[in-house]
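*Asks:* Sequence and predicted structure below; questions after.
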Number of protein chains: 2
Amino acid sequence: MHLETSPLVPVLRTDSGSSKVLLRPRTSQEVAHILRYCHERNLAVSPQGGNTGMVGGSTPVFDEIIVSTALMNQIVSFHNVSGVLVCQAGCVLEELSRYVEERGFVVPLDLGAKGSCHIGGNVATNAGGLRFLRYGSLRGTVLGLEVVLADGTILNCLTSLRKDNTGYDLKQLFIGSEGTLGVITAVSILCPPKPSAVNVAFLGCPGFAEVLQTFCTCRGMLGEILSAFEFMDAECMKLVGLHLHLACPVQESPFYVLIETSGSGAGHDAEKLSGFLEQVLGSGLVTDGTLATDQRRIKMLWALRERITEALSRDGYVYKYDLSLPLDRLYDLVSDLRARLGLHAKHVVGYGHLGDGNLHLNVTAEAFSPSLLGTLEPYVYEWTARQRGSVSAEHGLGFKKKDVLGYSKPPEALQLMQQLKALLDPKGILNPYKTLPTRT
Amino acid sequence: MHLETSPLVPVLRTDSGSSKVLLRPRTSQEVAHILRYCHERNLAVSPQGGNTGMVGGSTPVFDEIIVSTALMNQIVSFHNVSGVLVCQAGCVLEELSRYVEERGFVVPLDLGAKGSCHIGGNVATNAGGLRFLRYGSLRGTVLGLEVVLADGTILNCLTSLRKDNTGYDLKQLFIGSEGTLGVITAVSILCPPKPSAVNVAFLGCPGFAEVLQTFCTCRGMLGEILSAFEFMDAECMKLVGLHLHLACPVQESPFYVLIETSGSGAGHDAEKLSGFLEQVLGSGLVTDGTLATDQRRIKMLWALRERITEALSRDGYVYKYDLSLPLDRLYDLVSDLRARLGLHAKHVVGYGHLGDGNLHLNVTAEAFSPSLLGTLEPYVYEWTARQRGSVSAEHGLGFKKKDVLGYSKPPEALQLMQQLKALLDPKGILNPYKTLPTRT
């Protein structure tokens, strides 16, 4: 991009203080030009990927210039022995997924928004998702990043090496910092080999204690082939039935569990899974279950879990919480709130990545109400803090949750975060009003 | 620790500028006292764990006060459902390993120095080791840290949560920063369930191309049960035979491979492994192999690989390099150097964690010689930089390698690292002369 001739120039030359501006650079050099320009003129910038975040991390608050990664959607390289994929930040997750699957690998990240989210946004959010249990955090699977700093400096840490202990691991600063410390322009990520056998079991459990015991049994008996352990309560099932007309595939139960296995030997995996099912059905941990091995039915079972968000949004105004809690207390907050809210809420539901200790707690109501919000907050955050949990497990803080950081981090940590922000973005032009609490 | 009454007081009161001092605090509060004292008086500190590092990261260079973690060896908690272990930084890795194995879990880190290295030192180094291929980096498995900052502030990020996206992930700053940004005093680490079946195969390969093809075949056929893929060349085998009297368990070959599987079904794993062996023996990728399933024989095979360092140290002066390289060029540097050095070296050997792209290149000679060093360096670093490799894959930079950082990182990264150091340790009292290059 040359600033003189590019179609971006007119907008760069407008008075950004009075109008909303969207820029769509194609290269990291273009991002560098934009940031250098904005830095010199104290113009605030809001980096934006697929705009699928849950906490308003990518939406401008006042007059920030949006820097979208939409046109930075090129795959740079893929190595078919190491499985290392290097691509621009604007690649859509589902497209990357298709690309590497055709080559016998999988992206170690999968989530409901895959059809529109950008890998750069995923990394900036440190997204968790459905494969976290198996492949772990992006902090381990992201091998390198290219980042443009606030002043337009391009920081090239786009290595493809599995191991590199030369100095401080700078890329970690940008993973999960929601565009407040730099703009991620390219990502190098390690893709594991595609499992040749995938099975999904959908089970009904009589209580949450049984869900936990099923998890322990499952981890012991399925071991290394376990790739997901998700749960949802009866209210979730009711809502996906009501709003999306999806049928419950097993007997009605207070809780449902979705277990996925991914392995390299179909026969072995099926044997392990049937041994496990025999055990949990025999011992009464599970009252009913169904098994899917073909792609179509696997998708159908996953849809019950993945489309809960959609069903909720059709139910009314949704109050959303994404919490990490100790496993044995994970569901207590849902029951507690249900009793506390009574008829003030339409539905209080709990579901999520049980294997990672991650609860998605959602409350629906006919419309937004300050009084209902007042009953929910800070109650939910205080409850979580008492359990030493996290008030944002995987969604980040963005604009909506930035002021609750203190429930999960001590003042010394907040202070160091503010110092890092001041070091990397002294003028505060990068995604302002996000992630860190408003200074009082 | 009360500074007034503690046995540490006399040494703290000496003129540390003129004497070597070793302090052994028992708690993070004591570490905080020490650092506050040193910070006020501009006294340099060198944190020390088990003193097993390879790059002089924990040895004082001039008159630094050594702060040893030796007495900070308490296990704080272990949760037998989640597998989260919280312990003080001075716990010896092997003791932690024994502790969690008795409870059905394993520490996700294992390395040759396990008998003396401290977990705090492991984390400060971002140690890789023998289980990296299976459980990934400490950046994913370490859930929380307690760190004392340069001015004595205790930063408590000792969470036990699998997922936590509240603000910047500060612990990442300290993982792998070799005590130059803070002193790690406690660690929270996620331990995976202990695999019920472990098998080891030791194979001979006719060439390095066959080693690589064996790796690809192995990854495809063993999939999720593969837990280690190590290699060593014929020179390594010669040295462990010569100096340690260990016998080669297979036909003499140019290369040897050690494969470990860890799974939850002994029968399934054995079946997968025998299918794999049949394939590689039949296709000529492997010329001879042996299999171990009992603990004694597994240990014996692992000793051939783990004791190479010891054999090398008995061979003479050792020039050590720990490199990340693209797999297809990994061994070229060894052959190249062997030709280049000719009779100037006793032995030029290559071995390491092939599955992670990590080569340990070692050269032995009767004694240290500046001319041999001049032939090796910067040649080895330049060669590695041309392949866009890492000049320190897992050992860190410490004192010995700090000036080679620039071969693997661009100037913009170096500058940001210096800024981080200045932010976190403005007086430069924490492990000076380590990790970052000498300013010129």
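*Replies:* Yes, it's here. Numbers count the residues shown, from 1 in each chain, chains lettered A, B, ... in the order given.
*Asks:* can you give me the strands for the stretch 151-300 of chain A?
*Replies:* Using DSSP state E, counting those that start in this stretch, the strands of the stretch 151-300 of chain A run over residues A:154-157, A:183-190, A:197-205, A:226-233, A:255-263, A:288-292.
*Asks:* Could you dump those strands into a markdown table with mean pLDDT added?
*Replies:* Below are the strands of the stretch 151-300 of chain A laid out as a markdown table (pLDDT from 0 to 100):
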| stretch | mean pLDDT |
| --- | --- |
| strand A:154-157 | 98 |
| strand A:183-190 | 98 |
| strand A:197-205 | 97 |
| strand A:226-233 | 97 |
| strand A:255-263 | 97 |
| strand A:288-292 | 97 |
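*Asks:* TSV for those strands, including distance to chain B and mean neighbour count?
*Replies:* All C-beta spots, glycine's among them, are computed from the backbone N, C-alpha and C. What follows is those, written out as TSV (distance: least, CB to the nearest CB, whole Å; neighbours: other CB atoms under 10 Å in any protein chain shown):
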stretch	distance to chain B	mean neighbour count
strand A:154-157	5	20
strand A:183-190	9	26
strand A:197-205	9	23
strand A:226-233	9	24
strand A:255-263	6	26
strand A:288-292	18	17
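*Asks:* Thought residue A:184 was touching residue A:120, still the case?
*Replies:* Yes - contact criterion CB atoms under 8 Å: residue A:120 and residue A:184 qualify, at 4.5 Å.
*Asks:* Could you pull out the residues contacting both of those two?
*Replies:* A:47, A:89 (CB atoms under 8 Å, 6 or more residues apart in numbering or on different chains).
*Asks:* What is the neighbour count of the residue lying closest to residue A:279 once chain neighbours are set aside?
*Replies:* Ranked by CB to CB, 6 or more residues apart in numbering or on different chains and with sequence neighbours excluded, the top spatial neighbour of residue A:279 is residue A:217, at 6.2 Å. Neighbours of residue A:217 under the rule other CB atoms under 10 Å in any protein chain shown: 16.
*Asks:* List, one by one, the residues from the stretch 301-440 of chain A near chain B.
*Replies:* A:324, A:326-328, A:353, A:356-358, A:388-397, A:404-405, A:407-410, A:412-414, A:416-417, A:419-420, A:423, A:435-436 (CB under 8 Å from any CB of the partner chain).
*Asks:* my guess is residue A:396 meets residue A:175, correct?
*Replies:* No - judged on CB under 8 Å, residue A:396 makes no contact with residue A:175 at a distance of 11.0 Å.
*Asks:* quick one: which of those two has more around it?
*Replies:* residue A:396 (27 against 24).
*Asks:* show me what contacts residue A:243?
*Replies:* Contacts of residue A:243 (CB under 8 Å, 6+ apart): A:310, A:311, A:314, A:315.
*Asks:* Identify the contacts common to residue A:396 and residue A:175.
*Replies:* Common neighbours of residue A:396 and residue A:175 (CB under 8 Å, 6+ apart) are residue A:126.
*Asks:* that older thread, can you name the residues that contact the residue nearest to residue A:279?
*Replies:* With CB under 8 Å, 6+ apart, residue A:217 has these contacts: A:276, A:279, A:280, A:285.
*Asks:* Pick out whichever of the residues you listed sits closest to residue B:336.
*Replies:* Residue B:336 lies nearest to residue A:276 out of the contacts of residue A:217, by CB to CB, at 51.6 Å.
*Asks:* Nearest residue to that closest one in space, please, no chain neighbours.
*Replies:* Residue A:276 sits nearest to residue A:221 (CB to CB, 6+ apart), 4.4 Å away.
*Asks:* and if you look at residue A:368?
*Replies:* residue A:317 (4.7 Å).
*Asks:* Is it correct that the one you found is in contact with residue A:366?
*Replies:* Yes - using CB under 8 Å, residue A:317 makes contact with residue A:366 at a distance of 7.1 Å.
*Asks:* ok, the two, which is more surrounded?
*Replies:* Counted by other CB under 10 Å, residue A:317 and residue A:366 do not tie: residue A:317 has more neighbours, with 16 against 11.
*Asks:* got the phi/psi numbers for that one?
*Replies:* Note on residue A:317: backbone dihedrals following degrees, to the nearest 10 are phi -70, psi 140.
*Asks:* do you know how far it is from residue A:365?
*Replies:* For residue A:317, the distance to residue A:365 equals 5 Å [CB to CB, to the nearest Å].
*Asks:* go on, residue A:322?
*Replies:* From residue A:322 to residue A:365 the distance is 19 Å (CB to CB).
*Asks:* cool, residue A:160 as well?
*Replies:* For residue A:160 relative to residue A:365 (CB to CB), the value is 49 Å.
*Asks:* So for these two, which sits in the more crowded spot?
*Replies:* A count of neighbours by other CB under 10 Å puts residue A:160 above the other of residue A:160 and residue A:365, at 21 against 18.
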